[in-house]
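Chemist: 3D model of this:
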Amino acid sequence: MTKGWKKTGLIFNDISSVITGYDYASLPTPFFLENDIFRVYFSSRDKNNISSIFFLDLLLERDSFRILRIEAQPVLKPGKPGLFDDCGVTPSCVTKIKDSYYLYYTGWNKQLTIPFQTYCGVAKLSDDLESAEKLFLTPIMDRSNEEPFSVGACFVSFCQVKNRYLMWYESCTGYEEIASSHNFNFSINCASSSDGFNWNRENIKCVEPQREENIVARPFVLHEDNLYKMWFCNKAHGQYSISYAESLDGQFWSRRDNCLGLNVSHSGWDSDQVCYPYIFKHRDKKYMLYNGNGYGKTGFGLAVLEKE
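Modeler: Next up, the predicted model:
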């Protein structure tokens, strides 16, 4: 059970003044560098609403933070025309496989009959972690007969208990056309792999929308105390909230939203919604990076777990 998240503030929102021609700082994805320094990958959109992945370096000391560096050159760009990621790339997670680090990402395709489709891709990070090279021209997780619409936003982690890589990802289960727009429906599903690149789908809906929700998305999973813990976001009435679930096996989950303790603020950058959580540990504390209003339009902030 987790509760007691305390917001420590907005980290970064002045994107256009640093990265010329870009806006938004979405889907913050941290990676520990050394001492108290973290590299945070995030996506920004150009004037055509096409995303690339950038990073900043963050100093985190006793719940206070300071930006050390913002890199204006992208780590990863969209693919060539016709490829699965030609309309944008957004970060999902960074995972170590053998002696290298890999950036899992979501590739975006604009469509004619629906706004977009997404897929899961992977790129190998350079030794200095400042650039990435895509391993494949095709997705590592594509649509299938059981998941024919869209997949994306995967979280990948090696599980010592199962001696396999596990993936949790969002899967589009269909669309509803409402007032000439499309209302997406997403669940969170799981897959497993021996190498982190070739995946076997479990065909299990780990987390599904409840009540008035139509989307559950951007899972982050931590295995501790013989328990799988998932933070993710849900969407209802056009606005996101952050949710929490627990599982004994990583496949069948129970929602524990009342244990989360992170809501919108009364005013400011995260007063309308909170979304896209990513949890990380540092010096015996848990932290959460997350987006607020506008899916990253107002930047991203930090929260610390005060008690568990």
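
Chemist: only C-alpha atoms for contact and neighbour calcs from this point on.
Modeler: Will do.

Chemist: The strand of greatest length in the chain - what's its average pLDDT?
Modeler: Longest strand of the chain, by residue count under DSSP state E: strand 164-178. Across strand 164-178, the average pLDDT comes to 88.

Chemist: Parallel or antiparallel, which strands does that strand pair with?
Modeler: The pairing partners recorded for strand 164-178 under DSSP bridges are strand 150-159 (antiparallel), strand 181-193 (antiparallel).

Chemist: contact partners of the last one?
Modeler: The set of residues external to strand 181-193 that reach it, using CA atoms under 8 Å, 6 or more residues apart in numbering, is 114-115, 164-177, 199-209, 214-217, 219, 251.

Chemist: how near is Asn13 to Val94?
Modeler: Using CA to CA, to the nearest Å, Asn13 is found at 22 Å from Val94.

Chemist: Tell me where the model's unsure across the stretch 51-200 of the chain.
Modeler: By pLDDT under 70, the low-scoring segments of the stretch 51-200 of the chain are 178-182.

Chemist: ok, the spatially closest residue to Leu166 that is not a sequence neighbour - how many residues close by?
Modeler: In this structure, Leu166 finds its nearest non-sequential neighbour in Ser192, 4.6 Å apart by CA to CA, 6 or more residues apart in numbering. As a burial measure, Ser192 scores 22 neighbours (other CA atoms under 10 Å).

Chemist: Ok, Lys229 next?
Modeler: 23.

Chemist: dump the residue contacts of it.
Modeler: So Lys229 contacts Val221, Leu222, His223, Tyr244, Ala245, Glu246, Ser247 (CA under 8 Å, 6+ apart).

Chemist: now the last one: how far from His223?
Modeler: Relative to His223, Ser247 is positioned 9 Å away (criterion: CA to CA).

Chemist: closest one to Gly21 among the strands paired with strand 164-178?
Modeler: Across the strands paired with strand 164-178, Gly21 has its closest neighbour in strand 150-159 (24.8 Å, CA to CA).

Chemist: Dump the closest one to CSV, restricted to CA.
Modeler: Coordinates of each C-alpha in strand 150-159 appear next as CSV, following Å, rounded to 0.1, in the frame of the first residue of the first chain:
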residue,chain,number,x,y,z
SER,A,150,-2.8,0.0,-31.6
VAL,A,151,-0.1,-0.8,-29.0
GLY,A,152,2.4,1.5,-27.2
ALA,A,153,3.9,3.1,-24.1
CYS,A,154,5.6,-0.1,-22.9
PHE,A,155,7.5,-0.6,-19.7
VAL,A,156,10.1,-3.3,-19.7
SER,A,157,11.9,-4.8,-16.7
PHE,A,158,14.0,-7.9,-16.1
CYS,A,159,12.3,-10.1,-13.4
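
Chemist: buried set for that strand?
Modeler: Ser150, Val151, Gly152, Ala153, Cys154, Phe155, Val156, Ser157, Phe158 (16 or more other CA atoms under 10 Å).

Chemist: Tell me what the third one is bridged to.
Modeler: Legend: beta-bridge partners of Gly152 under DSSP bridges are Glu170.

Chemist: where's it relative to Cys190, distance?
Modeler: Distance from Gly152 to Cys190, counting by CA to CA: 11 Å.

Chemist: Also the fourth one?
Modeler: In this structure, Ala153 and Cys190 are separated by 12 Å, where distance is defined by CA to CA.

Chemist: Now list whatever residues contact both of the two.
Modeler: With CA under 8 Å, 6+ apart as the test, Ala153 and Cys190 both reach Tyr169.

Chemist: wait, isn't Pro209 in contact with Ile215?
Modeler: Yes - between Pro209 and Ile215 there is a contact under CA atoms under 8 Å: 5.8 Å.
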